[in-house]
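**Q** With the sequence up front, the predicted model follows.
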Amino acid sequence: MMDFMTRCRPYVLGGVLALVATVALAVQPDEVLDDPALEARARDISAGLRCLVCQNESIDESNASLAKDLRLLVRDRLLAGDTDAEVVAFIVDRYGEFVLLKPTTGGWNWLLWASGPGLFVLALGMGVAYIRRRGQVPAGGEAGLSEDEQKRLDELLKD
Amino acid sequence: MITELGHFALILAFLVSIVQMVMPMVGAHKRWPGWMAVGEPAATLQFLLVAVSFAALTHAFVVSDFSLRIVYENSHSDKPMLYKISGVWGNHEGSMLLWVLILALFGACAAWFGANVPPTLRARVLAVQSSISAAFYTFILFTSNPFDRLSVAPINGTDLNPLLQDPGLAFHPPFLYLGYVGLSICFSFAVAALIEGRVDAAWGRWVRPWTLAAWIFLTIGIALGSWWAYYELGWGGFWFWDPVENASFMPWLFAGALLHSAIVVEKRESLKSWTILLAILAFGFSLIGTFIVRSGLLTSVHAFANDPVRGKFILYILLFFTGGALTLFAARAKTMEAKGVFGVVSRESALVANNVLLAVSSFVVFVGTMWPFVAEMLFDRKLSVGAPFFNMAFTPFMVVLGLILPIGAMISWKRGKLDRVLRSLMPAFGLAVALMGLVWAMQTGRSLMGPIGVFLGTWLVAGAATDLISRTGQNRDLSRLFRLPRSEWGKAVAHSGLGVTMLGIAGMLAWQQEDIRVAQIDTPFEVGAYEFTLQDVQRVQGPNYISTMGQVLVTKAGRDVAVLNPEKRIYPVAQMPTTEAAIDYRFMRDVYVVIGDAQDGGGWVMRVYIKPLANWIWGGALLMALGGCLSLSDRRYRIAAGARKAAPVQGVPAE
């Protein structure tokens, strides 16, 4: 059950936060921008940014007050006319790449991104090689029961 | 006194496990029947002793004996009885005791139901299983003793985390553990077979029921956890790609691969060494999961046991068992020569593809989960890998899996005819394309997720139906359906369950509607086709919490649909607030209402969601589990048939 604790980090960080405020539910009505297109972009961006005091929770989902500050910051930047990429860059500049829920491809991270396709190609190659090998075994190799096996099979069939 | 008896029983169980680990193994090696026979009574005795120990701990929770440290830390006398009991495994020490209880249970089951397994193999299986138990007894007794006393017993406890006081979550860990630990038997069978140097069709048949059982439990456990997250956390998310979730998801994927490859071993005597490897990896990933959850390595502020000593200990257990098994595998794998011959187009090939996809997708989850740790250790970068990565890296494999599944499920063993299978699947394909076109036309400018999910889901369900109907023969004699082996039904039900889950995920992600606002009392507002009215907000006193409960009338086109009572609770002892969403569950959609804070200017914050097909996600998981149960109850597992081999042409009625 502890498996799910991490998601509610603000609750779990516990005492502290709970004493400060009662539950605030992620995005609050007063944060929502008037322009629905801009708000939709804000939601999109916030879903990709990590709440720093939570574990693995985006600022869009989080109840922590820091997440709220970040949500407001995202909206401020959007109102100031930034593009989505500029907003994200602005926040990464200040909080580091830790806030990105979707890691960049820079540096050794290419290894992370390539691992899926790479492993797939590797596994597929091995699978295909195996299948072709199985197709070439002489037919005689199939039903070879050893003497012991045959004896045991006969015994079992008698039951 | 009862507590001390429990502690004592646990120590005795540890001693028994050492005997069970050594004697049958030596006996099997030297062919001493007496020593081999020790395994069964020892397994039974071990299980009874751990059961006594577990009962003693449960007793302490039930009577609220706060002189026990973990009872004090995780319970409270006001707590409802259900949560007093679930509190036993709501903490590190108690959950480890549950873990060894289940280990011993599976060991005992292997002894009780293993009459048809050859004595040397059975002795070795029980010995290997007991060596795992022994490692965990050591871990519990030396680092995580649940029977620790406090020198002064406090008047009352500090309560269980309120989020965990929930019926869905009360049963989530036992199911998950039954799954995790169930894979230990497959592991023991694999290692025993490696020591024995022999893997045949009979081995495949012995291992498969255990794999199926473990997979069923994992499926239910994961679904329960996901459902809990959906209704409890207050925004209706159902999967978060959290490290601890991934910890349970990886063994599930491997177990899925294993139960398919074991079919190939059982029916065709191929894929042997790969199946052995999968069995080792499946349990290895269970251990990795345990390590991730309990070491605090990845989630540094995890609420649960992040004591580095414990983390290290589990790491050693993990390295010893997976490392040892893999070394043994490397030494012995060559002796397991495959026997079956099959063409490129065949059920065997399809199952190889299934295994490739499931294993690779599981590794992708693994790499993504461990990457932040790797990046920090090796490259000194602090970064996150979250849901957006997993959605991109993982989903394509599931899409491909869904695409080829109905074809693979129908193709013949040995040498299949692709054109014939494709022809019989044309109606299913047509239906799936038609439905995809329909939802595409109905939604404009939304994500592609919806149409793709609808296509895959329909394709899987209709494909499973086609598979069943194809078994009715040329003249479509439907009464034949009821004479089919249960495993055929199990397969169809489980596969369509996957389709239903995919439909649910697509529906929820693509067409969810959300509304956030300050709602005034008695002022209706519209979301989608529904109208919501917050009628009243009251303070309600619960057994161990205080609740702010709203009353929301939901209407559609003037007709009442439901009255919902979303709550915000405060648990004074634990000093924690929780949200209790109110949900109107219907077949085609959920209406999900959450109440937030009172506003200074009057009114309450309210969030309302319309979630189409939400129930299908867990409904599909239930279908998968049901399919597993049907397979498990198949005749060939019920009758103790030893090595009697099923006709390999079972899946080819026309030939």
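**A** On my side now, so go ahead. Numbers count the residues shown, from 1 in each chain, chains lettered A, B, ... in the order given.

**Q** quick one: contacts for the nearest residue to B:Thr275 once chain neighbours are set aside?
**A** Nearest-residue entry for B:Thr275: B:Ser261, 4.5 Å, with adjacent residues in sequence omitted and distances by Cβ to Cβ, 6 or more residues apart in numbering or on different chains. (Each C-beta comes from the backbone N, C-alpha and C, glycine too.) B:Ser261 is in contact with B:Leu271, B:Trp274, B:Thr275, B:Leu278, B:Leu351, B:Asn355, counting by Cβ atoms under 8 Å, 6 or more residues apart in numbering or on different chains.

**Q** repeat that for 6 Å
**A** Counting by Cβ atoms under 6 Å, 6 or more residues apart in numbering or on different chains, B:Ser261 touches B:Leu271, B:Thr275, B:Leu278, B:Asn355.

**Q** Likewise for B:Val199?
**A** B:Val199 touches B:Ala193, B:Lys272, B:Met336, counting by Cβ under 6 Å, 6+ apart.

**Q** ditto for B:Thr58
**A** The contact partners of B:Thr58, by Cβ under 6 Å, 6+ apart, come to B:Val88.

**Q** B:Phe394 versus that one, what's the distance?
**A** Applying Cβ to Cβ, to the nearest Å, the value for B:Thr58 to B:Phe394 is 39 Å.

**Q** so the closest residue to A:Val88 other than its chain neighbours is in which element?
**A** Excluding the flanking residues, the one nearest A:Val88 by Cβ to Cβ, 6+ apart is A:Ile45, at 6.4 Å. Under the criterion of DSSP states H and E, A:Ile45 resides in helix A:36-47.

**Q** Repeat that for B:Val518.
**A** Counting by DSSP H and E, B:Val518 is part of strand B:513-519.

**Q** Quick check, pLDDT for residue 54.
**A** Reading this off chain A. On pLDDT, A:Cys54 comes in at 74.

**Q** my question was about chain B
**A** Model confidence at B:Phe54, expressed as pLDDT, equals 96.

**Q** Ok, A:Arg94 next?
**A** pLDDT, read off for A:Arg94, is 90.

**Q** Determine the number of other residues adjacent to it.
**A** Neighbour count of A:Arg94, defined by other Cβ atoms under 10 Å in any protein chain shown: 10.

**Q** same question, B:Trp604
**A** Residue neighbour count, defined by other Cβ under 10 Å, stands at 20 for B:Trp604.

**Q** Might you report the residue contacts of it?
**A** Neighbours of B:Trp604 in contact, by Cβ under 6 Å, 6+ apart: B:Ala519, B:Ile595, B:Ala598.

**Q** Report the secondary structure element holding B:Asp536.
**A** In the assignment (DSSP H and E), B:Asp536 maps to strand B:530-541.

**Q** Distance check, whatever residue is furthest in space from the centre of chain A against chain B.
**A** Distance from the centre of chain A peaks at A:Lys158, with 55.7 Å (Cα atoms, centre = their mean). Going from A:Lys158 to chain B by Cβ to the nearest Cβ, to the nearest Å gives 11 Å.

**Q** per the record, what domains does chain A have?
**A** Using automatic domain parsing, the domains assigned to chain A come out as A:2-99, A:109-158.

**Q** Need these in a markdown table (columns: distance to B:Ala506).
**A** A markdown table is the format used below for those (distance: least, Cβ to Cβ, whole Å):
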| stretch | distance to B:Ala506 |
| --- | --- |
| domain A:2-99 | 18 |
| domain A:109-158 | 21 |
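
**Q** looking at those, which has the lowest confidence?
**A** domain A:2-99 (a mean of 74).

**Q** which of the contacts of B:Val199 has the weakest pLDDT?
**A** Within those, pLDDT is lowest for B:Met336, at 75.
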